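>>> No sequence on hand, only this structure:
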């Protein structure tokens, strides 16, 4: 199963495109996170993603972060001990149907 993208809004700030996107996650989380695509985020197949900002960074006890280098959406377990790094969720963790709203910045037409 693949991630589902629903673009709720489009705009721009100068030459940077802005998209508000709901991403519906699947149950196929792999170590390192889900790969996001410029096309899915509304910037076209040859677009560039500059940043993905979760509107709500903590959901269902999880921390959501965007790995800019690898262009992946990572999920971490927020239930760790104080002053300890939050570990990435297990690849067996079921996230199917979880919807995350993000603000995506990029370049391209889509």
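Perfect, thanks for sending it. Predicted model, so just to flag it, every value in this text is computed and none were measured.

>>> tell me the helices in this protein, going along the chain?
Using DSSP state H, no helices are found in the chain.

>>> Strands of that one, start to end?
4-13, 16-24, 34-35, 48-54, 58-59, 62-67, 72-77, 99-107 (DSSP state E).

>>> next one: the fourth one to chain centre, how far?
Spelled out, that is strand 48-54. Here strand 48-54 is found 8 Å from its chain centre; the criterion is Cα atoms, centre = their mean, to the nearest Å.

>>> residue contacts, residue 22?
Shown in contact with residue 22 (Cβ atoms under 8 Å, 6 or more residues apart in numbering): 5, 6, 8, 99, 100, 101. For glycine as for every other residue, the C-beta is placed from the backbone atoms N, C-alpha and C.

>>> Next, count neighbours for residue 101.
By the criterion of other Cβ atoms under 10 Å, residue 101 has 15 neighbours.

>>> ok, now residue 91?
By other Cβ under 10 Å, neighbour count at residue 91 equals 10.

>>> just residue 54 next, same as before
17.

>>> And the pLDDT at the residue lying closest to residue 38 once chain neighbours are set aside?
Closest residue to residue 38 apart from its sequence neighbours, by Cβ to Cβ, 6 or more residues apart in numbering: residue 47 at 3.6 Å. Listed pLDDT for residue 47 reads 95.
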